[in-house]
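Chemist: Coordinates only, no sequence provided:
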């Protein structure tokens, strides 16, 4: 880490003008390289050195921007999940009876679009096969995603219900896009929305009867 | 379960011949070592040589029993999925309106029991992070598991509905046992059966309305 970086704990850029966009560009390159490295070699075997090489920067710069491999993974995951986060942020405007169709349509949309699916898939594969990566994944999901979904719900068991709704969509994505089991893998997205929305709605808005 | 299992491919019991039981024992050791090797190093990096070393046998013997690494993986997966297969085999005796609770209870039971969960988890992790392993996984699920579930269902879209029911349970297992998101990870299994059974039932027995 460069000695020049210590002022108020915040991130500090080398240069005030052209340096800003250069810095943003380098961060983007590092995160893209990180995703490729984690996807190709798995979390365990991935190295900051290889990530730096893929981004054409010095390894010290990766450490400077992100810190450890754990934090690079976390940043890459947050970037890959940004579209999901954005979509969930709009849920408070959705009427309760529309939550099932909206959440289903939105999550399937993220997975149907290769530009949002591929980064997600690359990073999710790492999370499933390594305990540390799974813990980081859990932290990001708990901190950034679930509160946006539960915030749109009522009832004391809303966290559990939100997670079971997400489980239906996560499992569908696994079988459709990762394992690619037919006929699910080739099913028309609208057929899936028709089938899944009532179930997601049931989880989200049917509070515990006890 | 008391049935002696398949005589042909499986392990034979109660046969006094020394060569037979030694052979069965070696196959079991190889499959156990394979699971550990795939779990620890991932499908890509796993090697037949290391599997043989872990089982304390010659690599040629692994090739003799199973053939390539692909086939060792397939055999390990089939062994890990045997309890699921056995449970699904009993579905034809279950009344249609009981399918949701029974399938849910049975699948959660397999995941709740460490002796059936751990082998499954070890091998599933490999399947998610590697394309070849995913293809083998797809083949085994399509050939051995899904027909047993769809066989108990009616309607032209029963394959798709069976897969969406499985998706709910696979996603729940992912979030509960792999990513371990709370409160789902610590939820009482009976609460989960109460929540999931109606959804699984809906998928399994609500044919396409079109």
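Modeler: Great, that's in hand. Predicted, not measured: the structure shown is a model, and the values here were computed from it. Residues are numbered from 1 along each chain as shown, chains lettered A, B, ... in the order given.

Chemist: Just give the nearest non-adjacent residue to residue A:164, would you?
Modeler: Among residues not flanking residue A:164 along the chain, residue A:203 sits closest, at 4.8 Å (Cβ to Cβ, 6 or more residues apart in numbering or on different chains). C-beta: built from backbone N, CA, C; applies to glycine.

Chemist: That neighbour contacts residue A:165, doesn't it?
Modeler: Yes. If you go by Cβ atoms under 8 Å, residue A:203 and residue A:165 touch, sitting 3.8 Å apart.

Chemist: Geometric centre of chain A: which residue is closest?
Modeler: Taking Cα atoms, centre = their mean, the centroid of chain A lies closest to residue A:81, which sits 2.5 Å from it.

Chemist: ok, now how distant is residue A:98 from residue B:35?
Modeler: Taking Cβ to Cβ, to the nearest Å as the measure, residue A:98 falls 45 Å from residue B:35.

Chemist: which of the two has more neighbours?
Modeler: Taking neighbours as other Cβ atoms under 10 Å in any protein chain shown, residue A:98 and residue B:35 compare with residue B:35 leading, 25 against 13.

Chemist: hang on, the earlier thing: residues contacting the residue nearest to the centre of chain A?
Modeler: Contact partners of residue A:81, counting by Cβ atoms under 8 Å, 6 or more residues apart in numbering or on different chains, are A:120, A:140, A:144-145.

Chemist: again with residue A:184
Modeler: Per Cβ under 8 Å, 6+ apart, neighbours of residue A:184: A:172, A:175-176, B:160, B:163-164, B:167.

Chemist: Where does chain A get nearest to chain B, residue-wise?
Modeler: Taking Cβ to the nearest Cβ, chain B has its nearest neighbour within chain A at residue A:171, 2.7 Å off.

Chemist: And the helix or strand harbouring that residue, what does it pack against?
Modeler: Residue A:171 is located in helix A:158-173, with elements delineated by DSSP states H and E. Secondary-structure packing of helix A:158-173 (3 or more Cβ pairs under 8 Å, 6 or more residues apart in numbering or on different chains; DSSP states H and E): helix A:99-112, helix A:146-150, helix A:189-205, helix B:158-173, helix B:189-205.

Chemist: Residue B:108: which of those is closest?
Modeler: With Cβ to Cβ, the closest approach to residue B:108 among the helices and strands packed on helix A:158-173 belongs to helix B:189-205: 5.6 Å.

Chemist: elements contacting the host helix or strand of residue A:61?
Modeler: According to DSSP H and E, residue A:61 maps onto helix A:59-66. If contacts are counted by 3+ Cβ pairs under 8 Å, 6+ apart, helix A:59-66 sits against helix A:18-45, helix A:48-55, helix A:69-89.

Chemist: Reformat the ones you listed as a markdown table; add mean pLDDT.
Modeler: As requested, those are exported to a markdown table (pLDDT from 0 to 100):
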| stretch | mean pLDDT |
| --- | --- |
| helix A:18-45 | 84 |
| helix A:48-55 | 95 |
| helix A:69-89 | 87 |
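
Chemist: can you redo those helices as JSON lines with distance to residue A:111?
Modeler: Below are the helices and strands packed on helix A:59-66 laid out as JSON lines (distance: least, Cβ to Cβ, whole Å):
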{"stretch": "helix A:18-45", "distance to residue A:111": "16"}
{"stretch": "helix A:48-55", "distance to residue A:111": "25"}
{"stretch": "helix A:69-89", "distance to residue A:111": "10"}
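
Chemist: circling back: okay, angle between the helix holding residue A:61 and helix A:69-89 too, please.
Modeler: Interaxial angle, helix A:59-66 versus helix A:69-89 (axes from the mean of the first three to the mean of the last three Cα atoms, to 10 degrees): 40 degrees.

Chemist: buried ones in helix A:59-66?
Modeler: Neighbour-count burial for helix A:59-66 flags A:61-66 (criterion: 16 or more other Cβ atoms under 10 Å in any protein chain shown).

Chemist: so that helix versus helix A:48-55, what angle?
Modeler: Here the directions of helix A:59-66 and helix A:48-55 differ by 100 degrees (the same axes, to 10 degrees).

Chemist: ok, back up a step: residues making contact with the helix holding residue A:171?
Modeler: Applying Cβ under 8 Å, 6+ apart, the contact partners of helix A:158-173 are A:103-104, A:107-108, A:111, A:146, A:149-150, A:153, A:155, A:184, A:192, A:196, A:199-200, A:203-204, A:206-207, B:164, B:166-172, B:174-175, B:181-184, B:187, B:191-192, B:195-196, B:199.

Chemist: Equivalent analysis for stretch A:108-115, please.
Modeler: A:83-84, A:87, A:116-117, A:120, A:169, A:172-173, A:176-177, A:189, A:192-193, A:196.

Chemist: Let's see if you can find the most crowded of the residues you listed.
Modeler: With neighbours taken as other Cβ under 10 Å, the top of these is residue A:172, carrying 27 neighbours.
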